[in-house]
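Trainee: Provided below are the primary sequence and the corresponding predicted coordinates.
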There are 2 protein chains.
Amino acid sequence: MKSVLVSEDHAIVRFGITAIIKDLIHPVQVVEAADFDETIRRLSEAAFNLLILDINIPGGNNLQMISAVRLRQPDISILIFSGYDEQMFGINYIQAGADGYLEKHAPEEEIRRAILTMIESGKYITPGIRTRLMEHTGHHRLSASQEGNPLLALSGREKEVMQLLARGMSVMNISRTLNLQVTTVSTYKGRIFEKLNITNVIELAEKVRLYSN
Amino acid sequence: MKSVLVSEDHAIVRFGITAIIKDLIHPVQVVEAADFDETIRRLSEAAFNLLILDINIPGGNNLQMISAVRLRQPDISILIFSGYDEQMFGINYIQAGADGYLEKHAPEEEIRRAILTMIESGKYITPGIRTRLMEHTGHHRLSASQEGNPLLALSGREKEVMQLLARGMSVMNISRTLNLQVTTVSTYKGRIFEKLNITNVIELAEKVRLYSN
DNA sequence: CTTCAATGTCGAATAATTACTACAAATGGC
DNA sequence: GCCATTTGTAGTAATTATTCGACATTGAAG
C-alpha cells in the first residue's frame, strides 16, 4: 500500500489534496500535517512513499527542510508544492534535492498528473520549470551556492550593496553612501537580482534574513 | 435545491470547497469560476443562493466586485473568502455589503460551519472579525492607530495597495492589477508611507508582517 | 443642512531607476 | 602564462516612480 504525507497549512488545500489522492490511488493511506514540526513527527512515526510539501509551511520555510526530511526518510519522494509568490524561490528546493515541483495554482489536471507521476516514477517537473532550472544552473552558479547559501554567489561589492538594499535604502542613496554612480549601483542591483533569482527588494530582504547567518 | 457558485482561482481550493459543500448540503448544485469574468458570466446565467468569493480572484480584486455581483443577483449571499494576506482589508468587503467572511487558513471545521451557516441564515462572521469590524467603524484613524495597530489608520484602497507593495509588486504592476493610473498608485504609496511613518517598502513589509495578524 | 477632513482618482512635470552596452582590471583554470 | 570569466565601474537612452496640485465624493460633526 502506498502512503502519502501532505504537509500544508491551509486546511482546505489539505482537504482537496487528500481527496484527490484518495481518488487517484488505492489502496492508499494519507496523513496530514499542518506545520513542519508535525511533518517531522509523522516522518519519525511511519514510512511514506511521497511527501507533498508546501514551501510556506509554518516552522519550515527554508531549504534545510529538505535535509531534515531526508535525514528521517532518505528514499521518500518530495514534491514541492509552491504558492505563486514563491515560484522563483521554489527552484532552489529542487536544487536542494526535492524530486518534484508543483505550483499551487496549477489546474486540477496537472495536480493529478503530478501526484500520479510522483507515485509512479518518483519525479515530476513541468517543462517550464525544467527550462528555468537549466537556465539557472547553466549560468552563474558557483559550487558555493549549489549547496545551500545563495548569497555566497555574490561578489564583495555586490554583498555590500545587497546589505544596503535589504535595509530599504534607495539606489540613489546607496550611490551616495558608497561614492559610486547611480548606474553602477543599479548594475549591481540587477546582477544581485539575477544571481539570487529574484525580482524585488522584498524577496531580497527575505533571502538576506534567511541566509545571512 | 440550493445552488452555490465558487469563485476561486486555485483549482485545489475550488476542488476542496466543492467537495465540502457536496458533503454538507444536498441536494445541491455547485458551479465553479476561476476568475471574475467567469463569475459574472455564471451569475448572468443562473440564480445562486450563495457565492463564495476569493478576494484575490483574477480580474476582480476590488470592492466593486460586490456591487457587480449584487447588480446581477441582489439577494445572493456573499461569503468573502480571504487569503491571510488580505485579512486587514478584507473587512472592507463586509462594509461594502458582503454577508460573510471566512479566512482561507481557517480549520476545516470552521469552513464547514461557515458554509452551512451562510446557507441557513445568509450570514457568517467570526467573533474576531466582528470585533475588528466594530473597532473599525466606530472610532477610527487617530484613536485606532494610537492604541496598537497602525495599519488601521489606512483607508481601504490604501490597504489594498499596501498588501501588493508588501509583496514586492511594482507600482506599475499594481496600477495594472487594480486598473488605476500609475500616479494614483504612487499617491497611495506616498500616503501609506506617511501614515505609517516609514520610508521604504522593506519597512512596509515589516509592519505588515508584524501587524497584519 | 453646511462644513471640513478624509478618500479615491488623475495629469503634468520632474526625479529616480533600469536596460543595455562597454571596458579595464582582477581572478581562476588548465 | 594564456584565455575565459567575473568584477568594478559608467554613460546613454528608455522606463518607472514621485511630487504636487486638483477635484469630485463621502461621511461625520456641528
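Mentor: Cool, the structure landed. Numbering: from 1, shown residues only, chains lettered A, B, ... in the order given.

Trainee: residue A:119 against residue A:50, yeah?
Mentor: Yes: in this structure, residue A:119 is within contact of residue A:50 by Cβ atoms under 8 Å, at 5.9 Å. C-beta: built from backbone N, CA, C; applies to glycine.

Trainee: could you point out which element follows the worst-scoring helix or strand of chain A on mean pLDDT?
Mentor: Lowest by mean pLDDT, DSSP states H and E among the helices and strands of chain A is helix A:143-146, with a mean of 38. Remark: after helix A:143-146, the chain's next helix or strand is helix A:156-166, criterion DSSP states H and E.

Trainee: is the helix or strand that that next one is followed by positioned near chain B?
Mentor: Next in sequence after helix A:156-166, counting helices and strands by DSSP H and E, comes helix A:171-178. No: on the criterion Cβ under 8 Å from any Cβ of the partner chain, helix A:171-178 is out of touch with chain B, staying 9.5 Å away.

Trainee: and stretch A:13-32, by the same measure?
Mentor: Yes: for stretch A:13-32 and chain B, the contact criterion (Cβ under 8 Å from any Cβ) is met by A:13-17, A:19-20.

Trainee: same list (those) but as TSV, adding pLDDT.
Mentor: Compiled in TSV, the residues of stretch A:13-32 next to chain B are given as follows (pLDDT from 0 to 100):
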residue	pLDDT
A:13	93
A:14	94
A:15	94
A:16	95
A:17	96
A:19	94
A:20	95
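
Trainee: return the subset of those residues lying in helices.
Mentor: Counted as lying in helices by DSSP state H, out of these, are A:13-17, A:19-20.

Trainee: what pLDDT does the residue of chain A most remote from its centre get?
Mentor: Distance from the centre of chain A peaks at residue A:179, with 36.1 Å (Cα atoms, centre = their mean). pLDDT, residue A:179: 90.

Trainee: going by residue numbers, what spans are strands in chain A?
Mentor: A:2-7, A:28-33, A:50-54, A:77-82, A:100-103 (DSSP state E).

Trainee: pick the most buried one from those strands.
Mentor: strand A:50-54 (a mean of 27; mean count of other Cβ atoms under 10 Å in any protein chain shown).

Trainee: that one to strand A:28-33, inter-axis angle?
Mentor: Counting by axes from the mean of the first three to the mean of the last three Cα atoms, to 10 degrees, strand A:50-54 lies at 30 degrees to strand A:28-33.

Trainee: in this structure residue A:47 contacts residue A:3, no?
Mentor: Yes: between residue A:47 and residue A:3 there is a contact under Cβ under 8 Å: 7.1 Å.

Trainee: if we can go back for a sec, put the buried members of the ones in helices among the residues of stretch A:13-32 next to chain B into a PyMOL selection.
Mentor: In PyMOL syntax, the buried subset of those is picked out as below (16 or more other Cβ atoms under 10 Å in any protein chain shown):
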select buried, chain A and resi 13+14+15+16+17+19+20
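
Trainee: which one of the ones in helices among the residues of stretch A:13-32 next to chain B sits closest to chain B?
Mentor: The shortest approach to chain B among these belongs to residue A:16, at 3.1 Å (Cβ to the nearest Cβ).

Trainee: many thanks, we can stop here.
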